[in-house]
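Student: structure of the sequence below:
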Amino acid sequence: MVAPATDLAIDLVDVTKTYAGRVRALDGVSMQVRRGEIFGLLGPNGAGKSTLVKIMTTIVRPTTARGTILGSPIGHRPTLARVGYLPEHHRFPQYLTGRQCVEFFGAMSLMRRAERRARAAAMLDVVGMAAWADRRVGSYSKGMQQRTGLAAALVNDPELVMLDEPTDGVDPVGRAEIRDVLIRMRNEGRTVFLNSHLLGEVEMVSDRVAIMLKGRVEAQGSMAELTAHSRAWRVTIEGAAPAWTTEFGTAVASGAQAHIELKTDDLARLQALIDRLRAEQRVIVGVRETRESLEDLFMRLVRDVDGRAKAVGAANITGGR
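Tutor: Residues are numbered from 1 along each chain as shown. Sure thing, here's the model as predicted:
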């Protein structure tokens, strides 16, 4: 792979898309994806995720867009040859074999015949489809077609891989295997841009995420960054909690134990609580960090956006009277 000229694989600024009928699919999207990371793009159906991916791959023309892909302007053809892409709901000709489909994608990337044959065989093996490579795609399950699509996205040895709902229709075993492939790609130095509505899948593999709602990026960063405000500690002790623990947080009794919930990002404060408990010879059963989950964060943002939309709607109605 070519040595990077910048540490950003994707750098987008103020991307907008308005379809006919004044339907605004993207509303000023700015996004930065670092090289060599798995970046998860999350959002409900209709949030604009697939539109954004299609703009980056030049399938859809933006209304406005500034930024770069692998250091070059969006739409730069030689750069697109260094990008692998698995579209949502992709369809292969049913009469072709899996091997033929992957080799065809290699041909579209202008790979030499010997190179694309060797690379197709290797990628089909990576995604666990080597044993079915010479069977027609029409006989494949949905999961097998997804794996073949992933092999096709990798056949041109890309620096950046864009995957639009790659685990759609795949069973739990297949999802785990695809996750392993994504991690392997990252370990090889590739950048993986993962578009999905499956929060749990994204949380397991992504280094950083962006959450899109109604055409806008509402949050972007690592899970640690996005949930820092919700960081808390649960200190479990034997017996009832001393009255003074209310100075630190909330104490909740649970049978013969008590849980002291301390909401803080200050480890010195946590240590002060533990030291005081030890000084009183309290038995500390456990200390556990808690944070907002990706699902909790996502749902909170959805409620916030819906609340803002309702407030704007009410203001418009009031103003129109």
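
Student: contact partners of stretch 210-229?
Tutor: 17, 24-32, 39-44, 47-49, 52, 203, 206-209, 265, 291-292, 294, 297-298, 301-302, 304-305, 309 (CB atoms under 8 Å, 6 or more residues apart in numbering). Where C-beta positions appear, they are placed from N, C-alpha and C, glycine not excepted.

Student: and the buried ones among the residues you listed, selectable in PyMOL?
Tutor: Buried residues among those (16 or more other CB atoms under 10 Å), as a PyMOL selection:
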select buried, resi 17+25+26+27+29+31+32+39+40+41+42+43+47+48+49+52+203+206+208+209+291+292+294+297+298+301+302
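
Student: so which of the contacts of stretch 210-229 are in helices?
Tutor: Per DSSP state H, helices hold the following members of the contacts of stretch 210-229: Lys49, Leu52, Glu203, Leu294, Leu297, Phe298, Leu301, Val302, Asp304, Val305, Ala309.

Student: hang on, the first one packs against Asn195?
Tutor: Yes: taking contact to mean CB atoms under 8 Å, the distance of 4.9 Å between Lys49 and Asn195 places them in contact.

Student: joint contacts of the two?
Tutor: Joint contacts of Lys49 and Asn195 (CB under 8 Å, 6+ apart) are Leu41, Asp164.

Student: list just the nearest of the ones in helices among the contacts of stretch 210-229 to Gly106.
Tutor: For the ones in helices among the contacts of stretch 210-229, the residue nearest Gly106 by CB to CB is Leu52; the value is 26.3 Å.

Student: lowest average confidence, helix or strand, in the protein?
Tutor: helix 294-319 (a mean of 74; mean pLDDT, DSSP states H and E).

Student: which one is Phe193 nearest to, not counting chain neighbours?
Tutor: Spatial nearest neighbour of Phe193, excluding adjacent residues (CB to CB, 6 or more residues apart in numbering): Met162 at 4.6 Å.

Student: quick check: bridge partners of that neighbour?
Tutor: Tyr85, Phe193 (DSSP bridges).

Student: can we start the residue count at 63 from this point?
Tutor: From this message on, residue numbering opens at 63, which makes the last subject Met224.
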